[in-house]
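1. Show me how the following folds:
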Amino acid sequence: MFISRIKDDFKTSRFNAEYYAPQHISDEKALSRLNMAPLESIRDQKAKITYGILKPDNKGDIFRVAKAEKFDSMFIRFDDCESVSEELFKEYIRSEVKQGDVLIAIGGYVGRPAIVGKVPDNCRLNVNRHIARLRVNLSKIDPYYLVSYLSCGYGKRQLSREITGSVQAGINLEDLRLISAPVLNRETQAYIGNKVRQAELLREWAKFLEDKFVDTLKCNFPEAFENHSSGKKTFESFPFRYHLHT
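-> Numbering: from 1, shown residues only. Predicted coordinates:
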């Protein structure tokens, strides 16, 4: 039987046993050796940690809404984001997303983190109600380093530990703001963050090459892109698509 003595200042709002699981207690001890800082203390003071649009209306093309189910590893693609009208976008202007913002799924695909890359010119991005937007204070932490931490074992477990509810599981904003991240020296942050930046560039380059390859195939083998049941051209039916993603 596992027995662990809990400190007197334990979280009175959490009485579920999972919150005090041996792995979480072990993580706490390990992370306590580092310079930990709550997300609330490392955010840009002009931008609160907040959720986004409750119900996108799928109108327009310039204004988009990011969805956690469309996160591509630690990144997002603007083309995968849902459309939203300018009117609804401006109603939730408080949660507008900028390049370098860290997104964390607090509902649905709970716990998924992602970093926002360059938003296309003349376009604007927001998040839906299942995502929290975190704009960090760049003088305190590198956002690419932070998303890397939130994607590692320790970060994932910290996020999953704060999940509450059963039917609609999620993370409350109040609890998310208190989740801590290790603030290492600037050189270490930059070293880790640059690895993520490099991955982002390589991902964009790979997408460019794939698109170029597909365009060449369409010109030379148009019949491979025809869905015979609907008559529509589609790359899904192309026999070599599998090899592009392996």
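
2. Strands of the chain, start to end?
-> Residue ranges of the strands in the chain, as given by DSSP state E, are 36-38, 50-51, 63-66, 82-83, 102-105, 113-115, 124-127, 131-134, 180-182.

3. Report the separation between Gly52 and Leu201.
-> To Leu201, Gly52 is 27 Å away according to CB to CB, to the nearest Å. C-beta: built from backbone N, CA, C; applies to glycine.

4. Those two: who's more crowded?
-> Neighbour count, other CB atoms under 10 Å: between Gly52 and Leu201, Gly52 has more, with 24 against 11.

5. Just give me the neighbour total for the residue nearest to the more buried one when sequence neighbours are not counted.
-> Among residues not flanking Gly52 along the chain, Val127 sits closest, at 3.5 Å (CB to CB, 6 or more residues apart in numbering). The burial count assigned to Val127 is 29, neighbours taken as other CB under 10 Å.

6. Next: Gly108.
-> Residues near Gly108, counting by other CB under 10 Å, number 16.

7. do the one 10 residues further on as well
-> By other CB under 10 Å, the residues close to Lys118 number 10.

8. contacting residues around it?
-> Residues in contact with Lys118 (CB atoms under 8 Å, 6 or more residues apart in numbering) are Gln99.

9. coming back round to it: to Glu226, which of the strands of the chain lies closest?
-> Among the strands of the chain, strand 82-83 comes nearest to Glu226, with 27.1 Å by CB to CB.

10. Run me through the strand neighbours of that closest one, direction for each.
-> If you go by DSSP bridges, strand 82-83 pairs up with strand 63-66 (antiparallel).

11. Give me the longest helix you can find in the protein.
-> Criterion DSSP state H: the longest helix present in the chain is helix 186-220.

12. For that one, buried residues please.
-> 189, 192-193, 196-197, 200, 203, 217 (16 or more other CB atoms under 10 Å).

13. Compile those into CSV and extend it with columns for pLDDT.
-> Shown next, in CSV, are the buried residues of helix 186-220 (pLDDT from 0 to 100):
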residue, pLDDT
Gln189, 97
Ile192, 97
Gly193, 97
Val196, 96
Arg197, 95
Glu200, 92
Arg203, 88
Leu217, 84
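
14. ok, now how distant is the nearest residue to Asn122 once chain neighbours are set aside from Lys118?
-> Nearest residue to Asn122, sequence neighbours excluded (CB to CB, 6+ apart): Ile62, at 6.5 Å. Distance, Ile62 to Lys118, by CB to CB: 16 Å.

15. Please write out the alpha-carbon positions of stretch 169-182 in CSV.
-> Below are the C-alpha coordinates for stretch 169-182, written out as CSV (Å, rounded to 0.1, in the frame of the first residue of the first chain):
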residue,chain,number,x,y,z
ALA,A,169,-13.6,17.1,-18.4
GLY,A,170,-11.5,20.3,-18.6
ILE,A,171,-9.1,22.7,-16.8
ASN,A,172,-10.4,25.8,-15.1
LEU,A,173,-8.7,29.0,-16.0
GLU,A,174,-8.0,29.7,-12.3
ASP,A,175,-6.2,26.4,-12.0
LEU,A,176,-4.3,26.9,-15.3
ARG,A,177,-3.0,30.2,-14.2
LEU,A,178,-1.4,28.5,-11.1
ILE,A,179,0.4,25.8,-13.1
SER,A,180,4.1,26.4,-12.9
ALA,A,181,6.9,26.1,-15.4
PRO,A,182,10.7,26.0,-14.8
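
16. pretty sure Ala132 contacts Leu173?
-> Yes - counting by CB atoms under 8 Å, Ala132 does reach Leu173; the two are 6.3 Å apart.
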